[in-house]
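Enquirer: Return atomic coordinates for the entry below.
(one chain, ligands or ions: 1)
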Amino acid sequence: MAKQSLTITDNRTSKQYEIPIEEGGVIRAAALRDIKLNPNDFGLMSYDPAFINTASCKSRITFIDGDRGILRYRGYAIEDLAEKSSYLETAYLIVKGELPNLKHFKTWEHNIKVHTMVHENIKKFMEGFRYDAHPMGMLVGTVGAMSTFYPDAKNIEDLESRRLQTRRLIGKIPTIAAYAYRHTRGLPYVYPDNELSYTGNFLSMLFKMTELKYEPDPILERALDVLFILHADHEQNCSANAMRAIGSSKVDPYSATAGAIAALFGPLHGGANEDVVRMLMEIGSVEKVPAAVKSFKEGNSRRLMGFGHRVYKNYDPRARFGKKLASEVFKVTGENPLIKVALELERIALEDDYFVARKLYPNVDFYTGLIYQAMGFPMTMFPVLFAIARTSGWLAQWAEMVRDPEQKIARPRQIFIGSAPRDYIKMDHRPEPESREERVSDSI
Ligand code: ACO
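Expert: Residues are numbered from 1 along each chain as shown. The predicted model follows:
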């Protein structure tokens, strides 16, 4: 077998270095530090804004092969889980690494359900948000505030504490999300009903009115559960990276999760399905689709939202389920009229040379917004639903990071391109700048 190493010649010194190739195709960036001009030199480092080609961890949780459109949690195909599993079972798999047997699942379900209620002060805390507060903003603030309710969570090296906080967070996040929604509507908060399923209870906390017991529609309950499965983890994306980076300072998991939710709040991450719906509303009718596709290609206005992915260069496997679920949900809710525009967009784009050449396929967000809209969710709730599902993934990523002996506090390097050393001049001795650029060289 060929030697698993890389030989580098430094043309500045003509010295040669041998760097091991690990895991079938990985070099350690730290190995570059040995390549020096002289013993006092810092050595080489790699420059990789946005981590385009840098692995920050070794992980056993989620596998993605973007070229072939494969997504697996702990080795199980997303298609299998979406068809046969429930969100709570998938959350167990993601957090613990194996599928549970019946006894373990019952215990897990019980242990999550005993945590669905939140402290009354959390309820009061949420009442303090403005009537028009964005539910994602409320989620960030409230999950962050949970660290003050559970100070024991700071014991992150303690396995039992990690398990407890994990169960608490998975149990409470739907309650906080539902309270945020009810707050925006001016409706009284609904307490959890643990006789219902995890997702059924969430629907009850959202939509229960005066009826004594809320009975979720089984098709909508299952559809939302499947959508939760599809969003449960996606390896090292922006919010998982935030969870790990914040958690690497050894802060409690509530603070780290609040940071991960904040990362998800951004339009480039959790907000794309909202943009899809807005785009479909703007296009408005099937007849206008060809002209819209033309404008996406010309790059005059916006991109075709819900198409393309940094990792998937094939049909996002989650998008297939989105499409299927949409038709099931519409049987109950009535058809979302925008689906016709979406289907025509997909049909034309998948036949168009521009999209084919760039391997642009529908991503998970292309259909989910339409489903959520048909189920009665306002667009501001779309990323909140994502956050509920992703909580199990974030916690699994966090626990893996905490246990990994190779991890340290996340601390990237920089390439300093600022001023050379200069002397401090007293304010009244400073010359008048000639231009605005001279006055503020780095404007925020
Ligand atoms: N519509 C039109 N053209 C596109 C699109 C699109 N949706 N996506 C990419 N392209 C084009 C780019 O203009 C570029 O063309 P060029 O080579 O002629 O310059 C080429 O395809 C490659 O695009 P990049 O921006 O380099 O691809 P990248 O991997 O950085 O971007 C991204 C991925 C951000 C998802 C992009 O495809 C996009 O903006 N899509 C629309 C937004 C969206 O749906 N986001 C949700 C992603 S899924 C999620 O976050 C859960």
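
Enquirer: List the buried residues of the host helix or strand of residue 141.
Expert: For residue 141, the host element (DSSP states H and E) is helix 135-149. Within helix 135-149, the residues scored as buried using 16 or more other CB atoms under 10 Å are 135-147, 149. Where you see a C-beta, it was placed from the backbone N, CA and C, and this is true even at glycine.

Enquirer: so what's whichever residue of the stretch 201-350 of the chain sits closest to the ligand closest to, chain neighbours aside?
Expert: As assessed by CB to the nearest ligand atom, the ligand sits closest to residue 308 within the stretch 201-350 of the chain, at 2.3 Å. Distances taken as CB to CB, 6 or more residues apart in numbering put residue 360 closest to residue 308, at 4.3 Å, once the chain neighbours are dropped.

Enquirer: Next, count neighbours for that neighbour.
Expert: Here the number of neighbours of residue 360 (other CB atoms under 10 Å) works out to 20.

Enquirer: Can you verify my assumption that it contacts residue 305?
Expert: No. Using CB atoms under 8 Å, residue 360 is not in contact with residue 305; the gap is 11.4 Å.

Enquirer: Confirm residue 19 sits in a strand?
Expert: Yes. Residue 19: assigned to a strand according to DSSP: H, G, I helix; E, B strand; the rest coil.

Enquirer: so what's it up against?
Expert: When contacts are counted by CB atoms under 8 Å, 6 or more residues apart in numbering, residue 19 touches 5-8, 27-28, 31-32.

Enquirer: change it to 7 Å
Expert: 5-6, 8, 27, 31 (CB atoms under 7 Å, 6 or more residues apart in numbering).

Enquirer: quick check, nearest of those to the ligand?
Expert: For the contacts of residue 19, the nearest to the ligand is residue 27 (23.2 Å; CB to the nearest ligand atom).

Enquirer: So what's the residue count around that closest one?
Expert: 16.

Enquirer: Is the ligand within reach of stretch 213-228?
Expert: No. Figure legend: stretch 213-228 not in contact with the ligand (CB under 6 Å from any ligand atom); closest approach 12.4 Å.

Enquirer: try stretch 72-85
Expert: No. Between stretch 72-85 and the ligand, judged by CB under 6 Å from any ligand atom, nothing touches; the nearest distance is 13.7 Å.

Enquirer: Now residue 220. Its backbone dihedrals?
Expert: Residue 220 adopts backbone torsions of phi -70, psi -40, taken as degrees, to the nearest 10.

Enquirer: hang on, it packs against residue 331?
Expert: No. Using CB atoms under 7 Å, residue 220 is not in contact with residue 331; the gap is 10.2 Å.

Enquirer: Leaving out sequence neighbours, find the closest residue to residue 206.
Expert: Distances taken as CB to CB, 6+ apart place residue 178 nearest to residue 206, at 4.9 Å, with adjacent residues excluded.

Enquirer: Look at residue 220 and residue 331 and report which has more neighbours.
Expert: residue 220 (21 against 9).

Enquirer: Could you pull up phi and psi at residue 116?
Expert: Dihedral angles of residue 116 (phi, psi; degrees, to the nearest 10) stand at phi -70, psi -20.
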